[in-house]
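Novice: Structural data only, the sequence is not supplied:
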């Protein structure tokens, strides 16, 4: 029996025996993934049923302030569902659980797609570019996760409002929620659906904002047909709009795109480009169209305003539109700058040509300031306010002359004026020189040489004052001013010499002369003074400082000499018959007559009836005094 029970089976029977089939082993990972699917199914189905409620009912948002924990759980369940799907794809691609997980994922994405849309729509006020750009510093410091706001409640919001604006709180929370949803949908492979919603809604916001700012899509043909007054109004509006558009609208939109899609920079770039590119091209294309319009000197300053605006905003434009997909926006801004610069150079050339071609031959009454002088100097004074922009424009546009500017005009190259180092200074100084040369020709129109010199003194004084009281002084320098002030004095001295030389030489150098000679001298002086006063009573010196300087200079040269001569012979001549006809002016009368000159209101009448030898200081012409 022991032998029978203990006998070993034959080798052949052992090889042919079939082992029993054992059931597949259930691992810990299997259990964990099944739990992930079960947990995800519960919350996803719960919110799927909420989404399927009739649109007439109020459907509560997953990301409502009262559902922060629920929203966090939902996002975590989607992440767990992804983990389960990745596990089954690698371990058991044919598993029914993988199909179940895929169906749940599709349902979850529909929920998040709806939430993303509702959040963008409901938070338009909190997600406007101004709010985003204003609170950008705080946003950049925050982690941007849903958990930052998961404990929010109405009480929390009221407490936050005490620390900072409720708007800032809502903006930051909305951005964090959008980022959370975008990250979740992109990681789940639903980036296309997320991006489509984002682009549609945000582009409508940008387009609406540009419309409110008054940015119009005008073609060159449309702009060209507008009257200048209408076009000038549109330029003013554009100048106001462009700063807001760049610094707030586009900047805020770039911040929002970068933040919401920070996990996928390529998607953020695509969104920002499609949302803003068309509006930006319209905005930055406007200056180029203006630059292509007909150019006149009067349009110079608006052109410079446009150039200044684009130039000052260029660093922001370059930074905001730094993507490769927005290179056309940067190119458009650069093209506008180039076109505007070309327009300014053309207008400067035309302005110089207009000065050269001025052919007016009508003398200014009284030798006053010529209209050309006023126009040119006011124009240049305004140009000096744009010295930075003009410096940029003329930097590679040297002034080409047949001969160099005279050294006496600029001073020596070793002077400290800094004029030679500034292309703007050289060009503006050249334009003034061109005008002064034209004025030299216009002075020749006057038949009276003294009046011609007075005309030159008046006009150069106007130039000097305009330079001194504007930014031209910074460009031309004090040495330039000193040289031209000296030239004004030279013109004034020539006027005095030519206009009053006959009067001054009629008085004896030595007052100790015979009485008969004194009589002759008085007659000569009377005639010369009457003639000079009669001729010059309608002449003008508009500048009060120059007017007083000329009067004071004449009085110093004339009155003391005449007073000495007058006191020497007044008593002796009183005994003579017709003494009043010989001594017709008291010394104080001369000062009073001189004080009444250069206002241009005198007539060509005689002065003899208005004064006598017995005149006292109180017996003077009722004119203006010094």
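Specialist: Thanks, I have the structure now. Computed from a predicted structure; not experimentally measured.
Novice: domain parsing for the protein?
Specialist: Structural domains annotated on the chain: 28-52+59-189, 206-344, 358-476, 506-610, as defined by automatic domain parsing.
Novice: Can you find which helix in this structure contains the most residues?
Specialist: What stands out as the longest helix in the chain, according to DSSP state H, is helix 472-505.
Novice: Show me which residues of stretch 75-82 are buried.
Specialist: 75, 76, 77, 78, 80, 81, 82 (16 or more other C-beta atoms under 10 Å). C-betas here are computed from N, CA, C, even on glycine.
Novice: which one of those sits closest to residue 190?
Specialist: Within these, proximity to residue 190 (C-beta to C-beta) peaks at residue 78, which comes in at 10.3 Å.
Novice: Would you state the strands of the stretch 51-200 of the chain in chain order?
Specialist: Here the stretch 51-200 of the chain has no strands by DSSP state E, counting those that start in this stretch.
Novice: Filter the buried residues of stretch 75-82 down to just the ones in helices.
Specialist: Per DSSP H, these map to helices at 75, 76, 77, 78, 80, 81, 82.
Novice: Quick check: of those residues, which lies closest to residue 353?
Specialist: residue 75 (71.1 Å).
Novice: give me every residue that touches the nearest residue to the closest one once chain neighbours are set aside.
Specialist: Counting by C-beta to C-beta, 6 or more residues apart in numbering, residue 75 lies nearest to residue 184, which is 5.6 Å off, once chain neighbours are set aside. Going by C-beta atoms under 8 Å, 6 or more residues apart in numbering, residue 184 touches 75, 78, 79, 112.
Novice: Relative to residue 181, how far out is the first one?
Specialist: Translated: residue 75. From residue 75 over to residue 181 the distance is 8 Å, taken as C-beta to C-beta, to the nearest Å.
Novice: how near is the residue nearest to residue 75 to residue 198?
Specialist: From residue 184 across to residue 198, the span is 14 Å (C-beta to C-beta).
Novice: about what we covered before: most widely separated two among the contacts of residue 184?
Specialist: So, the contacts of residue 184 by C-beta to C-beta: farthest apart are 79 and 112, at 12.2 Å.
Novice: From one end of stretch 294-301 to the other, what's the distance?
Specialist: Length of stretch 294-301, first residue to last, C-alpha to C-alpha, to the nearest Å: 14 Å.
Novice: So residue 108 sits against residue 78, correct?
Specialist: Yes - if you go by C-beta atoms under 8 Å, residue 108 and residue 78 touch, sitting 5.1 Å apart.
Novice: For those two, list the residues in contact with both.
Specialist: Counting by C-beta under 8 Å, 6+ apart, the shared contacts of residue 108 and residue 78 are 40, 188.
Novice: Would you indicate which residues of the helix or strand residue 440 falls within are buried?
Specialist: Per DSSP states H and E: residue 440 is located in helix 423-443. By 16+ other C-beta under 10 Å, the buried positions in helix 423-443 come out as 423-432, 434-436, 438-439, 442-443.
Novice: Check which element follows it along the chain.
Specialist: Taking DSSP H and E, what comes next after helix 423-443 is helix 449-468.
Novice: re earlier: any chance of the contacts of residue 184 in JSON lines, with distance to residue 528 and pLDDT too?
Specialist: Below are these laid out as JSON lines (distance: C-beta to C-beta, whole Å; pLDDT from 0 to 100):
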{"residue": "75", "distance to residue 528": "106", "pLDDT": "90"}
{"residue": "78", "distance to residue 528": "109", "pLDDT": "89"}
{"residue": "79", "distance to residue 528": "110", "pLDDT": "87"}
{"residue": "112", "distance to residue 528": "104", "pLDDT": "93"}
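Novice: now, which of those sits nearest residue 449?
Specialist: Checking the contacts of residue 184 against residue 449 with C-beta to C-beta, the nearest one is residue 112 at 93.4 Å.
Novice: Any stretches of the chain with poor pLDDT?
Specialist: Counting by pLDDT under 70, the chain has low-confidence residues at 1-26, 28-30, 50-59, 135-165, 401-421, 511, 571-581, 601-626.
Novice: can you do 50?
Specialist: 1-15, 17, 21-22, 54-57, 140-143, 162-163, 411-420, 603-606, 608-626 (pLDDT under 50).
Novice: Dead centre of it: give me the residue that sits there.
Specialist: residue 309 (3.7 Å; C-alpha atoms, centre = their mean).
Novice: Of all the residues in whatever helix or strand that residue lives in, which ones are buried?
Specialist: Assigned by DSSP H and E, residue 309 belongs to helix 300-320. Using 16+ other C-beta under 10 Å as the test for burial, helix 300-320 gives 300, 302-311, 313, 317, 320.
Novice: can you check stretch 464-478 too?
Specialist: So for stretch 464-478, counting by 16+ other C-beta under 10 Å, buried means 464, 465, 466, 467, 470, 471, 472, 473, 475, 476, 477.
Novice: Contacts for it next, please.
Specialist: Contact with stretch 464-478 is made by 377-378, 380-381, 384-385, 387, 415, 417-419, 422, 424-425, 428-429, 480-481, 484-485, 488, 543, as judged by C-beta under 8 Å, 6+ apart.
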